[in-house]
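Trainee: all I have is the shape, not the residue letters:
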């Protein structure tokens, strides 16, 4: 009987066994801890050699209502506390404000300028170090309103002093800008008041000239009407005188033909005719006695007087009245008083309001140096420790990375040796199959 020696078949070990892995790690624990300690040492070296970074912050809140009351009561500029805080916050985040502050501090330029960098790049480093912090926009009440500003800086800088100086510089800049805005508004209002004042003066002068012109025109019209009336009356009186002369001529002719030299009546003439045996019958009614009964002597005397008359003005009382009115029109007292006014400002209507407004605007203080735009709730103070790097965290992280890296190396070595053993077993198994057979 022939017997064949057989080598037990090797069970495939390709499947990963957890206990086998743990065994590999345990057997190579020295390697793992060595790698971990090495990476921890590297991390510690980095943590202690890197330049520490510090962080400071400041918080601004709305100013009290009474701080801005004087400005708001001026009625030319409205700046509630909330808007003042937003304005200062916008200035803190403004590129120009930060750039102007950076340029005003040579020590900042030197601190943030690295080798080979331009001033613009240095400012970019400074600008990135400042971070504005804003509240939740859904909370708009003054109790929750604030503006925060954080600054990161390397060791060797006084970050708290720089941040406080920047906040103070920004607030002062806003005060200056506010003062300039207020001056412009006040000057514009004063110019507007001056324009209204000049318009009121010109309107008054125009009304005055118009009033004088109307008064003079009225007097001229009245004077012309009176002169026309006077001329018409004189013509009328002259015509009456000429008509009277004609009547007198006729009456004188009749009186002479009747032989009447002295005044007589119709009845007296009847008696004279009867005595001379001549009967004259006259019927007397309520009619006017003919003029020739005045007698030729009287009529001739009246005629001679009328012919010698130079003017008929005295015969009409209206002419004296017209002369009186013309004399009064020779000077208009209202016009004289209007022209003789020395202080015409007192006669301007509605100018008191403009004067009061001008006085109020001139008394508005545009110096904003004492104005409190915001309330600094928290000043920046030097920190007690840096925010970067976190040395313990870096060492722990490096240690964990080293443990992971060491475990990976240990597993790779274990898997490599395991594979190598499997290859040798396969080779031995092949050699045994090709060897002699025992019976």
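Mentor: Yes, it's here. What you see is a predicted model; the values in this text were computed from it and never measured.
Trainee: quick one: the strands in the protein?
Mentor: Ranges of strands in the chain, per DSSP state E, are 53-62, 130-133, 147-154, 374-378.
Trainee: nearest to residue 176, of these?
Mentor: Checking the strands of the chain against residue 176 by CB to CB gives strand 374-378 as the closest, at 15.1 Å. C-beta: built from backbone N, CA, C; applies to glycine.
Trainee: might you report the residue contacts of the spatially most central residue of the chain?
Mentor: When CA atoms, centre = their mean is applied to the chain, the residue found nearest the centroid is residue 185 (6.4 Å). Residue 185 is in contact with 76, 77, counting by CB atoms under 8 Å, 6 or more residues apart in numbering.
Trainee: could you redo the last one with a cut-off of 6 Å?
Mentor: residue 76 (CB atoms under 6 Å, 6 or more residues apart in numbering).
Trainee: same question for residue 293.
Mentor: Residue 293 neighbours (CB under 6 Å, 6+ apart): residue 264.
Trainee: same check on residue 122?
Mentor: 109, 112, 113.
Trainee: distance check, the residue nearest to the first one when sequence neighbours are not counted against residue 115.
Mentor: This points to residue 109. Among residues not flanking residue 109 along the chain, residue 122 sits closest, at 5.8 Å (CB to CB, 6 or more residues apart in numbering). Distance, residue 122 to residue 115, by CB to CB, to the nearest Å: 11 Å.
Trainee: for residue 71, same thing?
Mentor: From residue 71 to residue 115 the distance is 49 Å (CB to CB).
Trainee: and what of residue 87?
Mentor: 39 Å.
Trainee: show me where pLDDT drops low in the stretch 1-150 of the chain?
Mentor: 1-17, 47, 49-50, 137-144 (pLDDT under 70).
Trainee: repeat that with 50
Mentor: 1-15, 142 (pLDDT under 50).
Trainee: for it, which segments count as helices?
Mentor: 18-27, 29-49, 69-72, 81-92, 95-104, 106-112, 119-129 (DSSP state H, counting those that start in this stretch).
Trainee: which one of those lies nearest to residue 355?
Mentor: Smallest distance to residue 355 across the helices of the stretch 1-150 of the chain (CB to CB): 22.8 Å, for helix 69-72.
Trainee: what distance separates that closest one from the centre of its chain?
Mentor: 15 Å (CA atoms, centre = their mean, to the nearest Å).
Trainee: by neighbour count, which of the contacts of residue 122 wins?
Mentor: Counting neighbours by other CB atoms under 10 Å, the top entry in the contacts of residue 122 is residue 112, with 23 neighbours.
Trainee: check contacts around it.
Mentor: Per CB under 6 Å, 6+ apart, neighbours of residue 112: 122, 125, 126.
Trainee: got those residues as TSV, with distance to residue 46 columns?
Mentor: Putting the contacts of residue 112 into TSV (distance: CB to CB, whole Å) gives the following:
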residue	distance to residue 46
122	26
125	22
126	26
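Trainee: against residue 428, how distant is the nearest residue to residue 111 once chain neighbours are set aside?
Mentor: Using CB to CB, 6+ apart and skipping the chain neighbours, the partner closest in space to residue 111 is residue 157 (5.6 Å). Residue 157 sits 72 Å away from residue 428, going by CB to CB.
Trainee: right, and residue 399 touches residue 41 too?
Mentor: No. Using CB atoms under 6 Å, residue 399 is not in contact with residue 41, being 9.4 Å away.
Trainee: just to revisit the earlier point, pick out whichever of residue 71 and residue 115 has more residues nearby.
Mentor: residue 71 (19 against 4).
Trainee: sorry, back to before: got the strands of the chain as JSON lines, with mean neighbour count columns?
Mentor: Output for these, formatted as JSON lines (neighbours: other CB atoms under 10 Å):
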{"stretch": "strand 53-62", "mean neighbour count": "20"}
{"stretch": "strand 130-133", "mean neighbour count": "14"}
{"stretch": "strand 147-154", "mean neighbour count": "19"}
{"stretch": "strand 374-378", "mean neighbour count": "16"}
